[in-house]
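**Q** Structure of the sequence below:
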Amino acid sequence: MVIEQFNVQPLMPNSSIMLGGVGVVLIVVGVALALVAASSRLIQLSSIADRINASFGVSKDTGNKYVWVFLGILLIITGGMIVCAMTSLSLPSVVTVGDGYINVESTSFNSVGCLLGISSSKYVASEEIAAAFVSQVGSGDFALHRYLGLDSGDTNVGIFTLGNGATAYLATTNATCLIIELKNGEYLIVGTSDTQTLANSFSQNVHPLTP
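**A** The predicted model follows:
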């Protein structure tokens, strides 16, 4: 039974926004290049393609067209992957507190999700929890080293290695987080603009907090 849900909405850094813009430019250039090449009007670039094609014994008229169509398609695919990745990283993670469990859905919990926006879940039942407490991350045992996902300031969403060497699943926009240590040695770390409210709901419905 679902008790409460919290959204963790990452704020994209300017560098990621700019990278998304680069992806859009690549798509536009790729489409234009493929269309022009397909209509056999890419005369100004023919000398480059001619040298490439001659080495493979491909005729001038046929070679120019297909080389540049292929290049256009490659640019479209590359730009599309960049845009999809940036869009996926900007999607909110959903933290669900239920009766005896906590579940986090995020596109940053696997590489496919990061590219295609497909969410993965990290489900933790109360019996899997060794300890839970509210503390800050970013230093000592809870220093963060990103393996997959997004890290920008207090926004950390994805899979990380902690300072103590453990694997942690994070979905937080706050340095103050609910830190859940699992019996298998992993961690689930979540935080919102009001982490204490999340922690209170967790302690009442899933697992008591360590003093």
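**Q** What is the neighbour count of residue 138?
**A** Using other Cβ atoms under 10 Å, residue 138 has 13 other residues around it. C-beta coordinates here come from the backbone N, C-alpha and C atoms, glycine included.
**Q** Quick check: the gap between the closest residue to residue 10 other than its chain neighbours and residue 189.
**A** Spatial nearest neighbour of residue 10, excluding adjacent residues (Cβ to Cβ, 6 or more residues apart in numbering): residue 155 at 4.7 Å. Using Cβ to Cβ, to the nearest Å, we find residue 155 at a distance of 13 Å from residue 189.
**Q** what is in contact with these two at once?
**A** Residues touching both residue 155 and residue 189 by Cβ atoms under 8 Å, 6 or more residues apart in numbering: residue 172.
**Q** What pairs with the helix or strand hosting residue 94, parallel or antiparallel?
**A** Using DSSP states H and E, residue 94 falls within strand 93-98. In the sheet, strand 93-98 lines up against strand 2-8 (antiparallel), strand 101-106 (antiparallel) (DSSP bridges).
**Q** which of those strands sits most buried?
**A** Most buried of the strands paired with strand 93-98, by mean neighbour count (mean count of other Cβ atoms under 10 Å): strand 101-106, with a mean of 23.
**Q** Just the CA atoms of that strand, as PDB, please.
**A** Presented in PDB, the C-alpha positions along strand 101-106 are these (Å, rounded to 0.1, in the frame of the first residue of the first chain):
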ATOM      1  CA  TYR A 101       8.900  -0.700   1.900                       C
ATOM      2  CA  ILE A 102      10.500   2.200   0.100                       C
ATOM      3  CA  ASN A 103      10.900   2.200  -3.700                       C
ATOM      4  CA  VAL A 104      12.800   4.600  -5.900                       C
ATOM      5  CA  GLU A 105      12.100   4.800  -9.700                       C
ATOM      6  CA  SER A 106      14.800   6.600 -11.700                       C
END
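**Q** what's in contact with it?
**A** With Cβ under 8 Å, 6+ apart as the test, strand 101-106 has contacts from 8, 93-96, 113, 119-126, 149, 157-158, 169, 171, 180, 188, 190, 202, 206.
**Q** quick one: which of those sit in strands?
**A** Those of those mapping onto strands are 8, 93-96, 120-125, 149, 157-158, 169, 171, 180, 188, 190, per DSSP state E.
**Q** Are any of these buried, and if so which?
**A** Among these, the ones that count as buried by 16 or more other Cβ atoms under 10 Å are 8, 93-96, 120, 122, 124, 149, 157-158, 169, 171, 180, 188, 190.
**Q** Straight-line length of stretch 93-108, end to end?
**A** Stretch 93-108 has an end-to-end distance of 8 Å (criterion: Cα to Cα, to the nearest Å).
**Q** Mind checking the pLDDT average for it?
**A** Mean per-residue pLDDT for stretch 93-108: 91.
**Q** Equivalent analysis for stretch 153-168, please.
**A** pLDDT averaged over stretch 153-168 gives 93.
**Q** and what of stretch 133-149?
**A** Averaging pLDDT along stretch 133-149 gives 93.
**Q** buried ones in it?
**A** Neighbour counts over stretch 133-149 (16+ other Cβ under 10 Å) mark 134, 137, 142, 144, 146, 149 as buried.
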